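[1] Task: produce atomic coordinates for the following.
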Amino acid sequence: MHSGVKEPVVFNYLREKISLGMRFFLIGFMGSGKTYWSKQWSEAFGLSCYDLDEEIEKKAGMTIADIFQKKGENGFRKIEQQVLTSFFEKDDFILSCGGGTPCFFDNMKQMNRNGVTIFLNSSVEELVSRVKNEKETRPLIKDVADDVLDQYIGEKLQQRLPYYSKAMYHFHTRFLSNDNFERLHRRHAK
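    I've put the predicted structure just below:
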């Protein structure tokens with residue numbers, strides 16, 4: 001059985017650099033399970049757990065949907081980058097990032113430089129089944145008709161895959177367990 005761990009290709013040099021403290025950044029499309037797995041793994045391995053969207057809402061004093069409505073996506077992405085950057089000063093955590101976080105500014109490069117990036121990869125069918133009943137809380141798909149949701153997610157996922165693929169590790173969510181993270185955590189422990 002495939003372990004789901006993709007060996008780093010471009011980022012081997014980071015193994016030596018990640019000795020400050022453990023910083024894990026979970027990336028992937030909405031509905032891939034980033035929030036769920038960050039909570040599971042943080043509890044199992046004694047790391048602090050953060051959700052980037054929740055941290056953005058705290059900083060902005062409004063919901064993500066309200067930020068999109070009042071400031072637009074560009075305004076949201078600027079706040080997102082500021083909050084993400086603040087995590088480069090923390091240690092021993094797992095951060096569940098928004099689905100678009102790696103795709104803007106130099107966020108992906110900075111996450112790879114300052115921690116360990118993990119791409120949670122899911123099929124379009126899995127993503128649609130997880131998010132179709134949460135459309136009101138997800139600005140990206142709020143106004144997408146149900147009959148074209150799979151097409152929309154498929155297209156958006158294809159646009160984002162070049163960014164997601166830069167993650168150090170790739171886990172397919174169908175085969176995900178605490179064992180995957182345990183091996184990765186052990187590899188990057190001080």
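[2] What lies in contact with the lengthiest helix in the chain?
    Longest helix in the chain by number of residues (criterion: DSSP state H): helix 64-86. For helix 64-86, contacts defined as Cβ atoms under 8 Å, 6 or more residues apart in numbering pick out 52-53, 55-57, 59-60, 62, 95, 97-98, 100-101, 104-105, 107, 110-111, 137, 139, 142. Where C-beta positions appear, they are placed from N, C-alpha and C, glycine not excepted.
[3] Looks to me like residue 166 is in a strand.
    No - assigned with DSSP: H, G, I helix; E, B strand; the rest coil, residue 166 falls outside any strand and is coil.
[4] Report the helix or strand with the lowest average pLDDT across the chain.
    One helix or strand of the chain scores below all others by mean pLDDT, DSSP states H and E: helix 14-17, with a mean of 41.
[5] Okay, now the unreliable bits of the chain?
    Residue ranges of the chain with pLDDT under 70: 1-20, 190.
[6] Could you pull out the strands in it for me?
    23-27, 48-51, 93-96, 116-121, 169-172 (DSSP state E).
[7] Mind putting those into a markdown table with distance to residue 151?
    Formatted as a markdown table, these follow (distance: least, Cβ to Cβ, whole Å):
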| stretch | distance to residue 151 |
| --- | --- |
| strand 23-27 | 23 |
| strand 48-51 | 28 |
| strand 93-96 | 26 |
| strand 116-121 | 19 |
| strand 169-172 | 22 |
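[8] Nearest to residue 149, out of these?
    Across the strands of the chain, residue 149 has its closest neighbour in strand 116-121 (18.9 Å, Cβ to Cβ).
[9] give the contact list for the most centrally placed residue in the chain.
    The residue lying closest to the centre of the chain (Cα atoms, centre = their mean) is residue 27, at 2.2 Å. The contact partners of residue 27, taken as Cβ under 8 Å, 6+ apart, are 34, 97, 99, 101-102, 108, 111, 117-120, 164, 167.
[10] repeat for residue 23
    87-88, 90-93, 95, 114-116.
[11] How many residues are close by residue 130?
    17 (other Cβ atoms under 10 Å).
[12] Pretty sure it sits against residue 34.
    No - using Cβ atoms under 8 Å, residue 130 is not in contact with residue 34; the gap is 11.2 Å.
[13] re the thing from before, and the strands of the chain, which is most packed in?
    strand 23-27 (a mean of 27; mean count of other Cβ atoms under 10 Å).
[14] Please tell me how far the residue of the chain most remote from its centre sits from residue 128.
    Distance from the C-alpha centroid of the chain, by Cα atoms, centre = their mean, peaks at residue 147 (26.4 Å). Distance of residue 147 to residue 128, computed by Cβ to Cβ, to the nearest Å: 11 Å.
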